[in-house]
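>>> let's see this in three dimensions:
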Amino acid sequence: KISAVFYTETTFSNITNAPSWVGALNDGKLRIPVGGLDSVNDELSRTITHELTHSFIRFKAQGRCPTWLNEGIAQIMEGRTSSKDRLAKAESLVSLKMLEGSFMNFSTSTASVAYSYSLFATEVLAERGNTTLMKILEDLGQNIGIDAALSRNTRYKNLEDLENEMKRRLSQ
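Prediction:
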């Protein structure tokens, strides 16, 4: 059972106390600001898809998914692709290890970089298909750490190995 609550922009801000850059929130309930919409547009559809994906990930990984992977998968499911231009500064500002926990305390600019870097990392993992991502989530759900899950299901030995490949690609 997944509940969704749709708010005005002001009510969303007052109830969630989320940073201004947050487009929606999933704390077990989907909390989505819709403003004055009277129908579902493309942006709302993408937001709902993104937030529903978080619910499925929480279920599949039993709440043990690092935030970077959680946000990366959600962005893929909503139809986003990474941009090398946006990633240029990400490499020097963040690491996947830094992005394991919540993004909620990030500034707008740091959050933007974090989401871009997370998406790129997840795209690299999904190159051989989304089945790889599902297997990683299943391992996480079995309390297998991210390094072991990567080693078991990808060609990367661990998080550092994945990140080295990302840096190699960004430098090309």
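
>>> tell me the phi and psi of Val22?
Val22 adopts backbone torsions of phi -70, psi 120, taken as degrees, to the nearest 10.

>>> and if you look at the one 3 residues further on?
In terms of degrees, to the nearest 10, the main-chain angles of Leu25 are phi -140, psi 140.

>>> show me the contacts for it.
Contacts for Leu25 (Cβ atoms under 8 Å, 6 or more residues apart in numbering) come out as Phe12, Thr16, Ala18, Arg31, Ile32, Glu51. Every residue, glycine included, has its C-beta placed from N, CA and C.

>>> again, only using 7 Å
Counting by Cβ atoms under 7 Å, 6 or more residues apart in numbering, Leu25 touches Thr16, Ala18, Arg31.

>>> need the pLDDT of it.
pLDDT recorded at Leu25 is 95.

>>> ok, it to Ser109 distance?
The gap separating Leu25 from Ser109 is 20 Å, by Cβ to Cβ, to the nearest Å.

>>> tell me how many other residues crowd the closest residue to Leu99 other than its chain neighbours.
Leaving aside its sequence neighbours, Leu99 sits nearest to Trp68 (Cβ to Cβ, 6 or more residues apart in numbering; 3.8 Å). Using other Cβ atoms under 10 Å, Trp68 is surrounded by 27 other residues.

>>> then the one 5 residues further on?
Taking other Cβ under 10 Å as the neighbour definition, Ile73 ends up with a count of 28.

>>> going forward, begin numbering at 5 instead of 1
Shifting the count to begin at 5 puts that one at Ile77.

>>> now the helix or strand containing it: how far from the chain's centre is it?
Ile77 belongs to helix 71-81 when assigned by DSSP states H and E. Relative to the centre of its chain, helix 71-81 is centred 3 Å away, using Cα atoms, centre = their mean, to the nearest Å.

>>> ok, and what's touching it?
Contacts for helix 71-81 (Cβ under 7 Å, 6+ apart): 53-54, 57-58, 61, 100, 103-107, 119, 122-123, 125-127, 130, 137.

>>> what's the answer for stretch 107-125, then?
Contacts of stretch 107-125 (Cβ under 7 Å, 6+ apart): 22-25, 71-72, 75-76, 79, 84, 86, 90-91, 93-94, 97-98, 100, 103, 166, 170.

>>> repeat that with 8 Å
22-26, 71-73, 75-76, 79-80, 84-87, 90-91, 93-95, 97-98, 100, 103, 166-167, 170.

>>> filter these down to just the ones in helices.
71-73, 75-76, 79-80, 90-91, 94-95, 97, 166-167, 170 (DSSP state H).
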